[in-house]
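Colleague: Let me see the structure of the following:
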Amino acid sequence: MNGLAHAREAPGTPVEKAPATVLEDVNAVIYPSSGLKLKGLLAEIEEELKEISAQFQDDNRRVVKRLLDIYYQLENSAEPLLAAIVEDFVGLVQSYHIQVSRQLENSNFSASDVMMSSVALTVADRNESMHHLLDELIWNSGCLSSKSAVHQWQEHSRKKARLRSQKMMGTTKCSYSSVLRMGLSVLRTGESGWTRMWL
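Modeller: I've put the predicted structure just below:
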């Protein structure tokens, strides 16, 4: 992220500040690989989300609502926009677009409960990381507001994490019981039974 990642000099080192570049329109930045403007890229993300597994819809929608709220704040800004803030936002939208595209590519495979729980944890972790990056963008921008309810994501995230943990514990118990049954079967039949199970 260009604007948020400016090099920090050692304390006491004089730093020359370049004049801040401003943009009049948030859609002045075009996504290089597709030629889409920011609004088009956000619309594409929304379309892709419609095709992703329902299991991930709520978490993904929360991120998209935040992205859209920030976009509308930038679009309706009364003041010229700092290019660095818009570039940072575009970078976050691009990153999320890649994440959603990967989810879409992988959404049609069938997997065990344990595997799906693992995928759900990965999606949740990536979404939580995106939430933190959006918080950082808002905090450092000086022009964006987090007052809208869509930016109050932490409590929902904690509830979802508790539910995932409970589900994982249930899945793990099932897995342990099946391993235990297999072990008991091996004890009853001896080594020959064990070999037959795996061949």
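Colleague: Any idea which helix or strand in the chain has the lowest mean pLDDT?
Modeller: Lowest by mean pLDDT, DSSP states H and E among the helices and strands of the chain is helix 191-198, with a mean of 46.
Colleague: Can you check the pLDDT for Lys17?
Modeller: pLDDT for Lys17: 50.
Colleague: low-scoring pLDDT stretches of the protein, where are they?
Modeller: Low-confidence segments of the chain, defined by pLDDT under 70: 1-20, 107-117, 156-158, 160-199.
Colleague: Show me the helices in it, by range?
Modeller: Remark: helices assigned in the chain by DSSP state H are 38-51, 57-75, 83-106, 113-141, 154-189, 191-198.
Colleague: helices or strands up against the fourth one?
Modeller: Taking 3 or more CB pairs under 8 Å, 6 or more residues apart in numbering; DSSP states H and E as the contact definition, the neighbouring helices and strands of helix 113-141 are helix 57-75, helix 83-106, helix 154-189. C-beta: built from backbone N, CA, C; applies to glycine.
Colleague: Also compute the angle for it relative to helix 83-106, please.
Modeller: Helix 113-141 and helix 83-106 are oriented at 170 degrees to each other (axes from the mean of the first three to the mean of the last three CA atoms, to 10 degrees).
Colleague: when you compare where helix 113-141 runs with where helix 57-75 runs, what's the angle?
Modeller: Using the same axes, to 10 degrees: helix 113-141 against helix 57-75 is 20 degrees.
Colleague: What are the buried residues along helix 113-141?
Modeller: Residues of helix 113-141 classed as buried by neighbour count (16 or more other CB atoms under 10 Å): 116-117, 119-120, 123-124, 126-128, 130-131, 133-134, 137-138, 141.
Colleague: Pick out whichever of those residues sits closest to Glu79.
Modeller: Nearest to Glu79 among those: Ser141, at 11.6 Å, using CB to CB.
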